[in-house]
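# Please find the sequence and the predicted model below.
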Amino acid sequence: MLVFSFATITNAHAESVNSGNSTIGPRAVTIHYKWKIISKKRTGTGNGGWRNGPSGRGPAKLTLSNSNSANRTFTNTISGKYPVGKGEISSSLGVSIGKTVTHGTSYSINIPKKTKRQIIFRSVYRIYTIKQEKYEVIGGYSEPTHVYETAKVHVFDHWYYSWKTIK
């Protein structure tokens with residue numbers, strides 16, 4: 001999706017000239033503005049907050065899996081300015097932005113006897129920086145305006161697992 005703005009400029013200084021059977025007068029030129037993605041780079045990695053998984057007392061094997069009731073959802077997010085539109089950026093990265101998705105998980109620990117432990121986990125996401133530029137389009141030709149906007153997108157990558165001893 002491209003975003004367009006429109007402006008009409010009239011040559012106000014031109015005077016009508018009568019040359020035989022035709023009149024030459026002021027002309028209107030329509031200028032369109034559109035935004036384009038000019039770069040998208042993976043610029044980092046981030047972590048979400050810790051989430052609690054299942055807990056148990058040993059001796060036992062404790063497993064976090066898709067069948068547990070732990071919250072395994074993540075929403076890809078966007079921030080900053082994105083005049084090209086969220087949909088255009090989403091398509092360019094091949095991801096959905098703003099939709100909560102449940103991601104699969106599988107992790108197990110062995111719990112020693114007389115110990116109670118809980119599995120904890122958190123999301124790891126990729127950070128993308130999307131640079132956009134405004135273009136001026138006149139009569140089919142486009143020129144960069146050197147006006148830029150930047151957006152950041154957080155995209156789920158994987159789960160990171162650990163455990164804690166609890167009372």
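Looks like it arrived, so ask away.
# Show the average pLDDT along the lengthiest strand in the chain.
Once the chain is assigned using DSSP state E, the strand that runs over the most residues is strand 141-165. Across strand 141-165, the average pLDDT comes to 96.
# strands paired with that strand, and their directions?
Strand pairing for strand 141-165, determined by DSSP bridges: strand 77-80 (antiparallel), strand 116-138 (antiparallel).
# so which of those strands is the most packed in?
Highest mean neighbour count of the strands paired with strand 141-165: strand 116-138, a mean of 18 (counted as mean count of other CB atoms under 10 Å). Placement of C-beta: from N, CA and C, glycine included.
# How far does that strand sit from its chain's centre?
Relative to its chain's centre, strand 116-138 lies at 6 Å (CA atoms, centre = their mean, to the nearest Å).
# Also stretch 74-90?
The answer for stretch 74-90 is 4 Å, by CA atoms, centre = their mean.
# Quick one: neighbours of G46, just the number.
As a burial measure, G46 scores 12 neighbours (other CB atoms under 10 Å).
# Tell me if I am right that it is in a strand.
Yes. Under DSSP: H, G, I helix; E, B strand; the rest coil, G46 falls within a strand.
# That one bridge partners, please.
Note on G46: beta-bridge partners by DSSP bridges are Y125.
# OK, contacts around it?
V124, Y125, I127, H154 (CB atoms under 8 Å, 6 or more residues apart in numbering).
# and P83, what element?
Using DSSP states H and E, P83 maps to neither a helix nor a strand.
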